[in-house]
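Asks: Sequence first, then the predicted structure:
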Amino acid sequence: MNVTRHFSDTRTDEGRVRILVQSGQLVLEAEGPGWQHRSVHVDLGDVTLELAWLPGLGSSLYGEVMDDVARQVQFDGSAPERGGTDLPGAA
């Protein structure tokens, strides 16, 4: 059975970003006024890098997403994929 789990769901006035775990991969869904994005990634680092390059995603929403991802990784004790918890720009 293919079960989808929500890892992160961030909403602001700028838009919405969801990170889903499905079949061992991460699905990134992002949207805002006039744009939508969906992509599949093997690790959380790839997801956050993709987010950084999305032209419609503002810095405020990106910051909120990164804060939420950091909280989720800390809460879960590990990242939800094979690549570990290394995040671009993390100290």
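Replies: Great, that's in hand.
Asks: any idea of the pLDDT on the residue nearest to the spatial centre of the chain?
Replies: What sits nearest the mean C-alpha location of the chain, by Cα atoms, centre = their mean, is residue 19, with 4.2 Å. With respect to pLDDT, residue 19 has a value of 96.
Asks: The lengthiest helix in the chain: how far from the chain's middle?
Replies: Scanning the chain for the longest helix, with DSSP state H as the assignment, gives helix 59-76. Offset of helix 59-76 from its chain centre (Cα atoms, centre = their mean, to the nearest Å): 8 Å.
Asks: Renumber starting at 36 from here on
Replies: Got it, the first residue is 36 from now on, which makes the last one we talked about helix 94-111.
Asks: Just list the residues touching the residue nearest to the centre of the chain, thanks.
Replies: Residue 54 makes contacts with 41, 42, 43, 44, 61, 62, 63, 64, 79, 82, 100, 104, as judged by Cβ atoms under 8 Å, 6 or more residues apart in numbering. The way it works is simple: take the backbone N, C-alpha and C, and place the C-beta from them, glycine included.
Asks: So how do I select the buried members of those residues in ChimeraX?
Replies: Typed into ChimeraX, the line below selects the buried ones among these, using 16 or more other Cβ atoms under 10 Å:
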select :42,43,61,62,63,79,82,100,104
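Asks: Which of the contacts of residue 54 fall in helices?
Replies: Those of these lying in helices (DSSP H): 79, 82, 100, 104.
Asks: thought the last one was touching residue 97?
Replies: No. Counting by Cβ atoms under 8 Å, no contact exists between residue 104 and residue 97, whose distance comes to 10.5 Å.
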